[in-house]
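[1] Following is a predicted model, sequence given first.
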Amino acid sequence: ADGVLADVRENLRVRSELDLNGLRLCFQRRRDESDEGERDPRESLIEADMRTQPMLLRGFDSENRAVVLKYPRTSAHFDEDGYVLAHMYIAERAIAATEIRSLGRQETVVAVSDFANYGQSFRPPFSGIRRLAGEMQGLYPERLESLAILDPPFWMRALVKLIQPFLDPDTQTKMRMPSGSEAEELRLMGKGEDSLIKENLLPREDVKQFLGLPFHRSALCNQE
């Protein structure tokens, strides 16, 4: 019990140090040109990274867990701080959306990375991926319900093998990497809300529109 309490205290300390409550306010303040200087400087880093590698709240699964949908990177440009901040920001949004949608009954989120045709020249450096894995595991223990990497290229499979020693064993059991027909079924043939692709999903390029939605909203027009 003492160990659990110590972990909770450490998590709260780190959250305060990183100002994650302030991170939740990014893109949510109504501004005009006169108070543009009040923007959180982290906003520009987050938006720049998410334009390079779009991430959206796709909606919710049948248990009211938020689903994070992540696409391949489209540029070799890489800012490690922006990369980590963007993932923290989408995690905070997914957790908030899950808590509100489920009325507090759920606390985990579903992550789907659609990595078909992801070119190796655009992948983040290993040091950035390792830092991200450590930060996310430390800040969000037990928050991941599952992670599916759809159609991972060969280099992605090799990278996952490299990063596995740095992952919690429980996290490893929640990962899967379906390819071919299995991945296509997950994309297009889910039943009802489990379908990963919807016609009313915001275009993946429209990151700015998604970022401007209320914090707990998904990118699906019919899922508040």
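    Yep, it's here. Residues are numbered from 1 along each chain as shown.
[2] ok, residues contacting stretch 106-113?
    58, 61, 63-71, 91, 94-95, 98-99, 142-150, 152, 186, 196 (Cβ atoms under 8 Å, 6 or more residues apart in numbering). All C-beta atoms are positioned from the backbone trio N, CA, C, and that covers glycine.
[3] Identify the residues contacting residue 15.
    21, 139.
[4] Look at it and give its secondary structure.
    Following DSSP: H, G, I helix; E, B strand; the rest coil, the label given to residue 15 is helix.
[5] per-residue confidence for it?
    With respect to pLDDT, residue 15 scores 90.
[6] Can you classify residue 57 as helix, strand or coil?
    Under three-state DSSP, residue 57 comes out as strand.
[7] Would you quantify the distance from residue 169 to residue 137?
    Using Cβ to Cβ, to the nearest Å, we find residue 169 at a distance of 11 Å from residue 137.
[8] follow-up on the earlier one: pull out the buried members of the contacts of stretch 106-113.
    58, 61, 64-71, 91, 94-95, 98-99, 143-150, 152, 186, 196 (16 or more other Cβ atoms under 10 Å).
[9] returning to that earlier point: residue 169 and residue 137 - which one has more neighbours?
    Counted by other Cβ atoms under 10 Å, residue 169 and residue 137 do not tie: residue 137 has more neighbours, with 17 against 7.
[10] Grab the nearest non-local neighbour of that one.
    residue 168 (5.6 Å; Cβ to Cβ, 6 or more residues apart in numbering).
[11] Which of the contacts of stretch 106-113 fall within helices?
    Mapping these onto helices (DSSP state H) picks out 91, 94, 95, 98, 99, 186.
[12] What distance do you get for the fifth one to residue 112?
    To tie it back to what came earlier, the one meant is residue 99. Distance from residue 99 to residue 112, by Cβ to Cβ: 20 Å.
[13] same thing with the last one?
    Counting by Cβ to Cβ, the gap between residue 186 and residue 112 amounts to 7 Å.
[14] what does the first one give?
    Between residue 91 and residue 112 the distance is 14 Å, computed by Cβ to Cβ.
[15] try residue 130
    For residue 130, the distance to residue 112 - Cβ to Cβ - is 22 Å.
[16] likewise residue 218?
    Taken as Cβ to Cβ, the span from residue 218 to residue 112 is 13 Å.
[17] hey, what's in contact with both of these two?
    58, 67.
[18] In terms of neighbours, single out the busier of those two.
    Neighbours per residue (other Cβ under 10 Å) separate residue 218 from residue 112, with residue 218 holding more: 25 against 19.
[19] List the residues that contact that one.
    Counting by Cβ under 8 Å, 6+ apart, residue 218 has contacts 56, 57, 58, 59, 60, 66, 67, 97.
[20] Let me know the secondary structure of residue 74.
    Going by three-state DSSP: residue 74 is coil.
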